[in-house]
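Enquirer: Below is the structure, and that's it, no one-letter string:
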């Protein structure tokens, strides 16, 4: 995966025939969200829009030992993350399980090639022990990595997934409307300042890695992200459809801090205590945290959360020894309608 802005020079180009242009599609990818979110954990000041998420998530990841684990060993270079971590989506919205299965099934030659590119970034420097394990014990290493990615997702993304997914789906809908109303040229020219479309060719400025047609499958997969922010990230692997990840519109609304105010209308329907808990779940929290903030007993909070979860308004996510509760899109819609 090509990351960040580049060193200047000639722009990368990707040419399209009419048939290839017809194969351009969108996908919402949990693994792209894993990688783009993990990438900003050590650079919070550069991404202030993600500040609330960072403040909530980083201490939990540190407590779980996930900031310096296996996944971290593949993020030691700012310009490249091994491509096998972002397998080409075969559907519009693959699940994390789908993508982890593809990662576990990475062909040995593809894995070896990716690790060679990665190792070249550190010529003369220390080797990462887990990267060496992937080289020598690929099947076991990939399985261990998949387990850690699942743990990371449960802590860092799953409690927020309802909001993230709503944002990404809305972005895809907006871009699809652009194509329908104005054509593909308008879509690409509006996607990012570094992208431009002219005469059947997509040009990308400041790319450190070339995105080209030589050994790729036809088409292009466009992947919106809540964490890419102002970056364009690319993946170009032999035999696969090229991927281009870009920052989704309106990301500031996903993690913005708001003052929780339980609605009287909602309280009249589900009860004041449950309405208060839904309001407090503007950010995911544990039973203990909710009890401390609301003045309710832990047992009372647990009972209400069980009822809300049964009604599809709250989801639960394992975070180490505790469980984080988060509002679902059902609850978000209910609260929004009552404002």
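Expert: Cool, the structure landed. This is a predicted model, so every value here is computed, not measured.
Enquirer: from here on, contacts and neighbour counts on C-alpha atoms
Expert: Noted.
Enquirer: Roughly how far does the residue lying closest to residue 152 once chain neighbours are set aside sit from residue 308?
Expert: Leaving aside its sequence neighbours, residue 152 sits nearest to residue 66 (C-alpha to C-alpha, 6 or more residues apart in numbering; 6.9 Å). Between residue 66 and residue 308 the distance is 30 Å, computed by C-alpha to C-alpha, to the nearest Å.
Enquirer: low-scoring stretches of the stretch 1-150 of the chain, by residue?
Expert: Low-confidence segments of the stretch 1-150 of the chain (pLDDT under 70): 1-13, 44, 124-126.
Enquirer: how about a cut-off of 80?
Expert: Where the stretch 1-150 of the chain drops to pLDDT under 80, the residues are 1-22, 42-47, 78, 122-128.
Enquirer: how about the helices of it, start to end?
Expert: 18-21, 30-39, 51-63, 96-104, 108-120, 129-136, 138-156 (DSSP state H, counting those that start in this stretch).
Enquirer: any residues touching the last one, and which ones?
Expert: For helix 138-156, the surrounding residues in contact (C-alpha atoms under 8 Å, 6 or more residues apart in numbering) are 34, 57, 60-61, 66, 70-71, 96, 100, 103-104, 108, 130, 133-134, 317-319.
Enquirer: Distance from the chain centre to the longest helix along the chain, please.
Expert: Ranked by residue count, the top helix of the chain under DSSP state H comes out as helix 161-182. Centroid displacement of helix 161-182 relative to its chain, using C-alpha atoms, centre = their mean, to the nearest Å, is 15 Å.
Enquirer: Identify each buried residue in the next helix or strand after it, please.
Expert: Going down the chain from helix 161-182, the next helix or strand is helix 184-191, by DSSP states H and E. For helix 184-191, the neighbour count (16 or more other C-alpha atoms under 10 Å) marks 184-185, 187-189, 191 as buried.
Enquirer: so residue 297 makes contact with residue 291?
Expert: Yes. Counting by C-alpha atoms under 8 Å, residue 291 is a contact partner of residue 297 at 5.7 Å.
Enquirer: With neighbour numbers in mind, choose between those two.
Expert: Per other C-alpha atoms under 10 Å, whichever of residue 297 and residue 291 has more neighbours is residue 291, with 18 against 14.
Enquirer: Tell me which other helices or strands the helix or strand where the more buried one lies touches.
Expert: Element membership for residue 291 (DSSP H and E) is helix 287-294. Helices and strands touching helix 287-294, as assessed by 3 or more C-alpha pairs under 8 Å, 6 or more residues apart in numbering; DSSP states H and E, comprise helix 272-280, helix 298-310, strand 322-327.
Enquirer: Can you give me the buried ones in it?
Expert: In terms of neighbour count (16+ other C-alpha under 10 Å), helix 287-294 has its buried residues at 287-288, 290-291.
Enquirer: how about these in TSV, adding pLDDT and distance to residue 265?
Expert: As requested, these are exported to TSV (pLDDT from 0 to 100; distance: C-alpha to C-alpha, whole Å):
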residue	pLDDT	distance to residue 265
287	90	24
288	87	27
290	87	22
291	85	23
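Enquirer: just the angle between the helix holding residue 291 and helix 272-280, please?
Expert: Angle, helix 287-294 to helix 272-280, by axes from the mean of the first three to the mean of the last three C-alpha atoms, to 10 degrees: 110 degrees.
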